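S.K.: any chance you can model this:
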Amino acid sequence: MDSTSNKPGTQVEIRIRNAGEADLDHIRVSFPDGLEVDYGSVPKGSLSAFHSAGRAYRYAGISAQAAGRALSLQATDYLGETELPAGRYTYAVSADGGHLTLELERA
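M.R.: Now for the predicted structure:
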């Protein structure tokens, strides 16, 4: 099943922007409802395609490889967080300094 949407604005869609200085490979995002989306490789300065996310928040669990090194950012809980309304968003991901960071941007 293709997870890209043909109806923007009716659901939450997330894409990845590589905001760091290293190419990112094997990017996987784990959303709170158990959905895991494979975004593949996103070279530095590039954007992935949008994928339907189900429920999403300003952050999520994410894993990637940079220069062959496996990195991850765990989302332990979403207590006190507000679910994102329907729309398109970008997770700006960076692997600078050997640490993975994520910031939400409105697409």
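
S.K.: for this structure, give me the ranges with low pLDDT.
M.R.: For the chain, applying pLDDT under 70 flags the ranges 1-9.

S.K.: using the centroid of it, identify the residue furthest from it.
M.R.: Taking Cα atoms, centre = their mean as the measure, the residue most remote from the mean C-alpha position of the chain is G80, 20.2 Å away.

S.K.: quick one: which helix or strand includes that one?
M.R.: Using DSSP states H and E, G80 falls within no helix or strand.

S.K.: what's the answer for R15, then?
M.R.: Using DSSP H and E, R15 sits within strand 12-18.

S.K.: residues making contact with that strand?
M.R.: The contact list for strand 12-18, computed with Cβ atoms under 8 Å, 6 or more residues apart in numbering, reads 4-5, 24, 27, 29, 37, 39, 42-56, 60, 84-94, 105, 107. Quick note: C-beta positions are derived from backbone N, CA and C, even for glycine.

S.K.: so where do the strands sit in this protein?
M.R.: For the chain, applying DSSP state E gives strands covering 12-18, 24-30, 36-42, 51-52, 61-66, 69-73, 87-94, 101-106.

S.K.: returning to that earlier point: ok, the residue farthest from the centre of the chain to A95 distance?
M.R.: Going from G80 to A95 by Cβ to Cβ, to the nearest Å gives 27 Å.

S.K.: then R88?
M.R.: As defined by Cβ to Cβ, R88 lies at a distance of 23 Å from A95.

S.K.: next one: A60
M.R.: Distance from A60 to A95, by Cβ to Cβ: 16 Å.

S.K.: ok, now E13?
M.R.: Distance check for E13 against A95: by Cβ to Cβ, it reads 23 Å.

S.K.: with D25 instead?
M.R.: As judged by Cβ to Cβ, D25 and A95 stand 10 Å apart.
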